[in-house]
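Student: Okay, here's the prediction I keep looking at, along with the sequence it came from:
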Amino acid sequence: MIRHRTTFFAAALIGLGMVGSSPLWSAAPGLLAGLPPSSSGQASIDAPQGQVSIDAPAGQASIDASAGQTSIDASQGQASLRSPSIERSSPPDAARVLLPYREDAVTFQNGPVTLAGTLTVPSGIDRPPVLLLVSCSGPQNRDASMLGMTPFRTLADHLGRRGFAVLRYDDRGVGQSTGNFAAATTVDFAQDAEAGVAFLRTRRDIDPARIGVLGHSEGGLIAPMVAARNPDVAFVVLMAGPGLPGEEIVREQTRRMSEASGLTGGEIAFNDGVLTRAFGLLREGKPLSSLQADFLAMSRSGFSVMSEAERAQIGSPERLAWQQMKSYDTPWFRFFITHDPAEVLREVHCPVLAIGGSLDLQVPASANLPAIRRALEAGGNHQVKTLELPGLNHLFQKARTGSPAEYPALAKELAPEMLEATSSWLQERTSRS
């Protein structure tokens, strides 16, 4: 996964929230940060063999990442990743024979885009139920690798041991999948997921009547979109999924992260006013140039609470302000701030599990879980369970504060109680008895 090296405060100032991404991510603003068309700063790639950093001021870079060639092409609005070292997701041969499931390399099509993934099928079960996993924001491989974690691989293993098939796939433009990640919006990613559901219907080794979709973060926006358009989707799981409009989530994220970073109440109120005006312009399709001085003031207040090392990473307030304005003015972000998930949730009529962590600062469970329930029930769907798990953050790690700044220091694993709660609900909903 590519990450721009940015401090926790800078992430809050940009309003990124990074649904499921690293606290260092500053590729785009808002809850569900995507990769911008180009970069003028530091970038890094997490690879199993270690971390490789590059400087890509021209928008294009390539490196040799030990196990294979990794390249980034961020020119002409194109962002793509290619790295065998990142793509490897199957266990070693010696361990694979002990697993109670098999892993098949598969591909499926969404028009000209080829999505490559791994289908896990439990052994000894005739036509099991299946889940399609939809990742959070940013260019994710099929394991949703981040910060030393591989949450989708963990989910596939856990669910495979409990009798579920699982399809996980590289995002478009990532790993072995084709397509242009940088030019895509959430709607495009939803169409990719729909193609995955259509592919699963063709498989003779799974039950087409028990196909479900599980989405994390931005994936929690996408899963209801897929279910609403495909009534044969049998169940949905939302992990830290948004229930509130994108603009509300970005503003709340920014407020919480700014408070954690030490800004004053006056500075936080000023920043919120700037965001409100900026989002109004974006909704009207207008440029943000009239707010350049305000964005610069936001950046300067941020610099006042940064360490010297953090300032050196960012470069200057002017650079941070420019990055923020540029990343806001993208098709992906314009869609996100205007999208109200409640409108889609009202069209979902299958069973839904919405699960969140009490320490999630990015998609606060206390606000979003009730909103999800209200929207589903308003549409006549009472087959909904919402579950707020104490002490877990946005990545479903056991946390101390929930701050993204502590993510790297926490255990690199999904909390067992989240895994058990999810699989138990799924088993109840998919039992043939």
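Tutor: Yep, it's here.

Student: which residues does residue 159 contact?
Tutor: 120, 131, 166, 422, 423, 426 (C-beta atoms under 8 Å, 6 or more residues apart in numbering). All C-beta atoms are positioned from the backbone trio N, CA, C, and that covers glycine.

Student: Likewise for residue 120?
Tutor: Counting by C-beta under 8 Å, 6+ apart, residue 120 makes contact with 101, 102, 103, 104, 156, 157, 159, 160, 165, 166, 167, 168.

Student: what's the answer for residue 378, then?
Tutor: Taking C-beta under 8 Å, 6+ apart, one finds 342, 346 in contact with residue 378.

Student: mind running it again at 6 Å?
Tutor: residue 346 (C-beta atoms under 6 Å, 6 or more residues apart in numbering).

Student: The stretch 101-250 of the chain: helices as residue ranges?
Tutor: For the stretch 101-250 of the chain, the helices defined by DSSP state H, counting those that start in this stretch occupy 151-160, 186-201, 218-229, 246-261.

Student: Tell me which of those helices is the most buried.
Tutor: Across the helices of the stretch 101-250 of the chain, averaging neighbours per residue (mean count of other C-beta atoms under 10 Å) puts helix 218-229 on top, at a mean of 27.

Student: I'd like the mean pLDDT over that helix, please.
Tutor: For helix 218-229, mean pLDDT is 98.

Student: Residue 134 and residue 224 touch, don't they?
Tutor: No: assessed by C-beta atoms under 6 Å, residue 134 is found out of contact with residue 224, at 10.5 Å.

Student: what residue is smack in the middle of the chain?
Tutor: residue 136 (1.3 Å; C-alpha atoms, centre = their mean).

Student: confidence score at residue 297?
Tutor: Residue 297 carries a pLDDT value of 91.

Student: Would you mind pulling the contact partners of whichever strand or helix holds it?
Tutor: The secondary structure element spanning residue 297 is helix 292-303 (assigned by DSSP states H and E). Contact with helix 292-303 is made by 9, 13, 267, 271, 274, 317, 320, 321, 324, 325, as judged by C-beta under 6 Å, 6+ apart.

Student: Can you give me the buried ones in that helix?
Tutor: For helix 292-303, burial by neighbour count (16 or more other C-beta atoms under 10 Å) applies to 294, 295, 296, 297, 298, 299, 301, 302, 303.

Student: how far does it sit from the chain's center?
Tutor: Taking C-alpha atoms, centre = their mean, to the nearest Å, the mean C-alpha location of helix 292-303 is offset from the chain mean by 27 Å.

Student: Can you show me the strands along this protein?
Tutor: Using DSSP state E, the strands assigned to the chain run over residues 2-4, 42-47, 50-55, 60-64, 69-73, 81-82, 101-110, 113-122, 130-134, 165-169, 211-216, 235-239, 352-357, 384-389.
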